[in-house]
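*Asks:* Quick one: sequence plus predicted model below, questions after.
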Amino acid sequence: MKIFLDSADYKKIAEYAQTGLIDGVTINPSLLKAQQESPLKIVREIVRVLPEAEINLQVTEHEPHKVYEQARVIARLTDTMVVKIPCCAQYLPVIAQLIQEDIPVNVTLVFSLSQALEVAKLGVNYISVFIGRLFDNGIDGLEIASSVQEMLDTYSYESELLVASIRTKEQVEGSILLGADAITMPPEVFNELVDHPLSQAGIEKFSEDWQQGPHNDLLG
Ligand code: E4P
């Protein structure tokens with residue numbers, strides 16, 4: 001399973017890069033707004049610490065022909081760029097064209113199985129299902145994500161399900177169980193994954209017992 005960080009904070013991304021677990025980064029206009037830094041600088045800094053990671057950067061234009069031009073500019077920034085395009089009928093021809101030109105595309109803001117089917121048929125690289133926003137609206141996001149994964153498997157589409165808009169560790173675990181190809185999560189959620197109160201309690205108990213045990217020249 002690929003793990004992406006959902007962040008434009010390149011200093012934080014540099015910290016998490018050291019875990020060796022980060023396969024990519026997803027960036028959207030809201031995450032850029034939070035940073036107030038040049039997007040170009042952000043991309044360069046990410047490439048410096050994660051040279052092989054996929055950088056999913058979203059278009060900001062609206063007119064289809066401008067979205068197409070901007071997507072081509074984004075794709076040329078580095079050879080690890082993936083262009084995020086919002087799921088919307090007017091962008092389908094743009095997406096089809098970009099795929100034909102071998103430009104990696106991540107269709108973002110996907111909320112339903114039928115949206116996912118259409119973009120899978122176009123051969124996009126990633127389908128970003130926003131499960132947190134579905135849950136915010138009283139819909140079981142994991143169920144929608146699971147149906148998308150099943151559809152991809154049933155018809156052997158090459159697109160990968162990218163579970164996005166993650167809010168909790170439980171949503172990460174649900175995404176693992178449904179067999180998602182990839183997940184993107186904010187650094188705060190990533191932090192919660194490896195620590196467990198019982199692991200911490202175990203570390204403390206072992207340390208206490210070691211202090212009281214027989215010391216020798218092997219373990220100090
Ligand atoms: C994914 O690519 C998006 O950047 C992200 O997951 C959006 O999540 P949000 O609903 O927390 O804004």
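*Replies:* On my side now, so go ahead.
*Asks:* host element of Phe4?
*Replies:* Using DSSP states H and E, Phe4 sits within strand 2-6.
*Asks:* Let me know the next secondary structure element after that strand.
*Replies:* Taking DSSP H and E, what comes next after strand 2-6 is helix 10-17.
*Asks:* hmm, who's touching that next one?
*Replies:* 5, 7, 22, 25, 35, 37, 41-42, 45-46, 49-50, 53, 187, 190 (CB atoms under 8 Å, 6 or more residues apart in numbering). Placement of C-beta: from N, CA and C, glycine included.
*Asks:* Likewise for stretch 69-83?
*Replies:* 24, 40, 43, 47, 51-61, 85, 94, 98, 101, 103-106, 125-126.
*Asks:* In PyMOL, select just the buried ones from those.
*Replies:* To isolate the buried members of the contacts of stretch 69-83 in PyMOL, using 16 or more other CB atoms under 10 Å:
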select buried, resi 24+43+47+53+54+55+56+57+58+59+85+94+98+103+104+105+106+125+126
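*Asks:* Show me the contacts of stretch 69-83 that map onto strands.
*Replies:* Of the positions in the contacts of stretch 69-83, Gly24, Glu54, Ile55, Asn56, Leu57, Gln58, Ile85, Val105, Asn106, Tyr126 sit in strands, assigned by DSSP state E.
*Asks:* And the contacts of the longest helix seen in the chain?
*Replies:* Counting residues, the longest helix found in the chain (DSSP state H) is helix 197-212. Helix 197-212 is contacted by residues Leu219 when judged by CB under 8 Å, 6+ apart.
*Asks:* hey, C-alpha coordinates of it in PDB?
*Replies:* Extracted C-alpha coordinates of helix 197-212, given in PDB (Å, rounded to 0.1, in the frame of the first residue of the first chain):
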ATOM      1  CA  PRO A 197      -0.400   2.800  24.700                       C
ATOM      2  CA  LEU A 198       0.400  -0.900  25.300                       C
ATOM      3  CA  SER A 199       3.700  -0.600  23.300                       C
ATOM      4  CA  GLN A 200       4.600   2.400  25.400                       C
ATOM      5  CA  ALA A 201       3.700   0.600  28.700                       C
ATOM      6  CA  GLY A 202       5.700  -2.400  27.500                       C
ATOM      7  CA  ILE A 203       8.800  -0.300  26.800                       C
ATOM      8  CA  GLU A 204       8.600   1.300  30.300                       C
ATOM      9  CA  LYS A 205       8.200  -2.100  32.000                       C
ATOM     10  CA  PHE A 206      11.100  -3.700  30.100                       C
ATOM     11  CA  SER A 207      13.200  -0.700  31.000                       C
ATOM     12  CA  GLU A 208      12.300  -0.900  34.700                       C
ATOM     13  CA  ASP A 209      13.000  -4.700  34.800                       C
ATOM     14  CA  TRP A 210      16.300  -4.200  33.000                       C
ATOM     15  CA  GLN A 211      17.400  -1.800  35.700                       C
ATOM     16  CA  GLN A 212      16.800  -4.500  38.300                       C
END
